[in-house]
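[1] sequence unavailable; structure follows:
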């Protein structure tokens, strides 16, 4: 039987790859793994605990109803970041403003983390896969001071690490530090994430498209043309049209396409003219991952990671997945 490589061992082995590394980023990634295990446990038993399921009774900055597990997961990650000492501040999809950590201990942290604590949380009550998405940047403010808004509003090209955790039939953590993409599956028998998907590469093309087609008539005409005349029609050399697969949890849709090949589309519409997904908490981290795996992420016209954010909860149109498929879809836009 071959030796199993745990996430902790993998991070330690790769520590020399981190620019300016003195161990903080390694510890931060390990902290994220620990918080993910706790959230995974909460997700697994949510159906058994009355205070874990259903709506919290509040809305977030996006005007979306917060689920109880949204708040539980958000607090779990924030507490982990505050106690670790590597992070000077965070921004979360669930909070109106960014959060600079006030202690002198935290002010010495070299990193900020932007994250979506529980992506796809509307699917919690029906037992559909959900996830956590995170993005790590080196602070631009002076070490020893409070984190600033400028620390949070960095382009995706400045990310030093990004990843996601999928709470599905198994719990998986997938991340990149700009040296390829690796996936780890949580082994509940030993309580450790173990390397299960080394050096992940997404196929250059695939047979799956994921889009909320209920929005098809409020998209620009090129999107409708792409879906109806290309994805849904049999093309030369193929026996059948593309398969439409849309779960409604971005992490789950993205993870499937990353492995099998496919495209995920959430374009701007007449209802959401700026797009629906959040640049900082969802789009940038997954863009970093897909590019490291050989794929592409754009607004339909511009590379996602080159956008300079203007506000914390900025939204953008999103085309992400297999390189050839994304480029082809972009060709339909006027």
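    Yes, it's here. The structure presented is a predicted model; accordingly, all values stated were derived computationally and were not measured. Residues are numbered from 1 along each chain as shown.
[2] how about stretch 214-232: buried residues?
    215, 219-220, 222-224, 226-227, 230-231 (16 or more other C-beta atoms under 10 Å). In this view, the C-beta of every residue, glycine as well, is placed from N, C-alpha and C.
[3] any chance of CSV for the residues you listed, columns secondary structure?
    CSV is the format used below for those (DSSP: H, G, I helix; E, B strand; the rest coil):
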residue, secondary structure
215, helix
219, strand
220, coil
222, helix
223, helix
224, helix
226, helix
227, helix
230, helix
231, helix
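[4] could the residues you listed be laid out in TSV, adding pLDDT and distance to residue 198?
    Output for those, formatted as TSV (pLDDT from 0 to 100; distance: C-beta to C-beta, whole Å):
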residue	pLDDT	distance to residue 198
215	94	37
219	95	38
220	94	40
222	96	38
223	96	36
224	94	40
226	94	34
227	94	35
230	89	34
231	91	32
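[5] give the contact list for residue 171.
    Contact analysis of residue 171 by C-beta atoms under 8 Å, 6 or more residues apart in numbering lists 36-37, 40, 165, 185-186.
[6] sec struct for residue 297, please.
    Once three-state DSSP is applied, residue 297 turns out strand.
[7] please look at it and residue 287 and confirm they touch.
    Yes: at 3.5 Å, residue 297 and residue 287 qualify as touching, with contact defined as C-beta atoms under 8 Å.
[8] identify the contacts common to these two.
    303-305, 320.
[9] pLDDT weak spots in the stretch 1-150 of the chain?
    Residues of the stretch 1-150 of the chain that meet the criterion pLDDT under 70 lie in 1-2, 17-22, 46-66.
[10] try 80
    1-2, 15-22, 46-67, 121-122, 124-125 (pLDDT under 80).
[11] for it, what spans make up the helices?
    In the stretch 1-150 of the chain, the helices defined using DSSP state H, counting those that start in this stretch lie at 7-13, 24-44, 68-84, 104-107, 149-152.
[12] in contact with residue 195, which residues are there?
    Here residue 195 is in contact with 4-7, 10, 182-184 (C-beta under 8 Å, 6+ apart).
[13] so which bits of stretch 266-279 are buried?
    For stretch 266-279, a neighbour-count test (16+ other C-beta under 10 Å) marks 266-269, 275-279 as buried.
[14] strands of the stretch 151-300 of the chain, start to end?
    For the stretch 151-300 of the chain, the strands defined by DSSP state E, counting those that start in this stretch cover 159-167, 171-176, 181-187, 192-197, 208-210, 243-244, 263-266, 277-278, 296-298.
[15] what's the third one packed up against?
    Translated: strand 181-187. Packing contacts for strand 181-187, counted by 3 or more C-beta pairs under 8 Å, 6 or more residues apart in numbering; DSSP states H and E, involve helix 7-13, helix 24-44, strand 171-176, strand 192-197.
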